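K.L.:
Need coordinates for the following:
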Amino acid sequence: MALLVNERTLLPVMMPLAPAATLAQRFPRALKEILQALNLPVEFIDAEIGGMNEVVYAKTANRSVVGMMNEFAFLAEAFRDRGGLLDPLALSLKLAAVPCGPLRKGAGSPDRAVRELVAGGDVH
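P.N.:
Okay, the predicted model is just below:
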């Protein structure tokens, strides 16, 4: 399973890793499913997906993102093993509702942070 996290909103996207060579091509569809499940405006979703033409893999220097990725990985395992959540979309949505320390002064959770972003509010 692959875990991708947006640096600004901490929105997690869980998706099958295999085949790894096509991860970048499959990511926009997985993200679109999550954004649709969050009932975000079609215009926002189309703009986000439309802007994903170029892929660059790089190490993050953001320790908050790394910490949240570790926390999300731990929680995803618990949700899968104890809660029976196997579907990547369901896992992503469950993780998106988790309160996150880096968002505590603002939205609180990634799903709320994305909604604030769409509404034009600041995401902390």
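K.L.:
my read is Glu54 is in a helix, agree?
P.N.:
No - using DSSP: H, G, I helix; E, B strand; the rest coil, the assignment for Glu54 is coil, not a helix.
K.L.:
So what's the residue count around it?
P.N.:
6 (other C-beta atoms under 10 Å). Every C-beta, even on glycine, is put in place using the N, C-alpha and C of the backbone.
K.L.:
Tell me the spacing between it and Ala24.
P.N.:
According to C-beta to C-beta, to the nearest Å, Glu54 and Ala24 sit 9 Å apart.
K.L.:
Leu17 now?
P.N.:
Noted for Leu17: a distance of 12 Å to Ala24, by C-beta to C-beta.
K.L.:
which ones are touching the residue of the chain most remote from its centre?
P.N.:
Ranked by distance from the centre of the chain (C-alpha atoms, centre = their mean), the top residue is Arg82, with 21.4 Å. Residues near Arg82 by C-beta atoms under 8 Å, 6 or more residues apart in numbering: none.
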